[in-house]
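[1] The sequence and its predicted three-dimensional model are supplied below.
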Amino acid sequence: MVYESVIKPALEAAKFSGKGLSDTTGSLEVKIDTGKRVHRDKFYYKVPGSDAFGYEWYKADAIDVTLPPLTLTLKENSGYPTYATSWEWQYSCKWEYDDAGPTGIDGSIQDHITDGTTTAIHTLPKDPNAHPKVVTLLDDYSLKMDCSISKDDWKVTFEPEKRSAWEKFWEGPDTVPKWMKGLDVEVPDFDLQLGSVDFFLTTNLLFPGDKQVIDVDKKAGLHIPGDLYLVGTVKTK
């Protein structure tokens, strides 16, 4: 019920697709393929003032990544219906830095190139201990969930390539240059408008003219075992 009424229409409207649905007692988990990609062109920057007697430049490979599916989970947490999103993707990028200048007695120009590979890991949520969002009961007729992700929600960590002691001696330390961190790609953000679950929106046959058939117990709220249960009291008069 939750997937068909709330999640599936939102995915179709956003042109996303559900890649996997796991419905167990107390939890519902769906993998969402957003089809989103991140791209950055090949980077090259030559420091102003570079000439035949010395020059300095930075290079980095292009980045083009198709993101894996994100995970949307609905479950009960401390007696409340909650939902949370989790997503992780990464890319690796080769880079080079050259600081060339005169060397030796003859003053010939020699390149001093440092290179490496940096891996950037983007993780959602930023705080692994963050509490999931509570499902909103709009009124006694419907509930609502909004799956919003912004650039500030991501945690980004950078890892250098792992070098042996011998490689460090010849090629330099396995570090992540500050300028590479500044080249990180723009992470995706979107607002997935999940639909509402409406109930008893047809004519009230028991009490004509009174739309509300159930008084929802908002303290107990919603429970999601294998499907959806709304806790409340059916009117008798």
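    Thanks, I have it.

[2] Isn't T85 up against A130?
    No. Contact criterion Cβ atoms under 8 Å: T85 and A130 do not qualify, at 10.5 Å. In this view, the C-beta of every residue, glycine as well, is placed from N, C-alpha and C.

[3] what about those two, which has more around it?
    More crowded of T85 and A130, by other Cβ atoms under 10 Å: T85, with 18 against 11.

[4] next SSE after the helix or strand containing the more buried one?
    Using DSSP states H and E, T85 sits in strand 80-103. Counting by DSSP H and E, the next helix or strand C-terminal to strand 80-103 is strand 108-110.

[5] That following strand pairs with which strands, parallel or anti?
    strand 80-103 (antiparallel) (DSSP bridges).

[6] Show me which residues of the partner strand are buried.
    80-85, 87, 89, 91, 93, 95, 97-98, 100 (16 or more other Cβ atoms under 10 Å).

[7] Kindly report the same for stretch 51-68.
    Y55, E56, W57, Y58, K59, A60, D61, I63, V65, L67.

[8] Redo the residues you listed as a markdown table? Include pLDDT.
    Listed next are the buried residues of stretch 51-68 as a markdown table, based on pLDDT from 0 to 100:
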| residue | pLDDT |
| --- | --- |
| Y55 | 88 |
| E56 | 90 |
| W57 | 93 |
| Y58 | 94 |
| K59 | 95 |
| A60 | 96 |
| D61 | 96 |
| I63 | 93 |
| V65 | 92 |
| L67 | 90 |
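
[9] hmm, back to that, what's the model's confidence in the strand holding T85, averaged?
    Strand 80-103 shows a mean pLDDT of 86.

[10] Let me know the closest of the buried residues of stretch 51-68 to D115.
    For the buried residues of stretch 51-68, the closest approach to D115 (Cβ to Cβ) belongs to K59, at 8.7 Å.

[11] can you give me phi and psi for K36?
    phi -80, psi 150 (degrees, to the nearest 10).

[12] How many residues are close by P48?
    Using other Cβ under 10 Å, P48 has 6 neighbouring residues.

[13] Is it part of a helix or strand, or is it coil?
    The local conformation at P48, judged by DSSP: H, G, I helix; E, B strand; the rest coil, is coil.

[14] so what's it up against?
    Listed by Cβ atoms under 8 Å, 6 or more residues apart in numbering, P48 has no contact partners.

[15] Next one: it from E56, what distance?
    Per Cβ to Cβ, to the nearest Å, P48 is found 9 Å from E56.

[16] go on, G101?
    For G101, the distance to E56 - Cβ to Cβ - is 9 Å.

[17] What of L70?
    Distance from L70 to E56, by Cβ to Cβ: 41 Å.

[18] which residues does the closest residue in space to L192 that isn't next to it in sequence contact?
    Setting aside the residues directly before and after it, L192 is nearest to C147 in space (Cβ to Cβ, 6 or more residues apart in numbering), at 4.0 Å. Residues near C147 by Cβ under 8 Å, 6+ apart: A10, L72, Y83, T85, D191, L192, L194.

[19] Pairing partners for the fourth one in the sheet, please.
    According to DSSP bridges, the residues that bridge with T85 are L72.

[20] re earlier: can I get the buried residues of strand 80-103 in a markdown table with distance to T117?
    Shown next, in a markdown table, are the buried residues of strand 80-103 (distance: Cβ to Cβ, whole Å):
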| residue | distance to T117 |
| --- | --- |
| Y80 | 44 |
| P81 | 44 |
| T82 | 39 |
| Y83 | 37 |
| A84 | 33 |
| T85 | 29 |
| W87 | 23 |
| W89 | 17 |
| Y91 | 11 |
| C93 | 7 |
| W95 | 7 |
| Y97 | 13 |
| D98 | 17 |
| A100 | 22 |
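
[21] Understood, closing this out.
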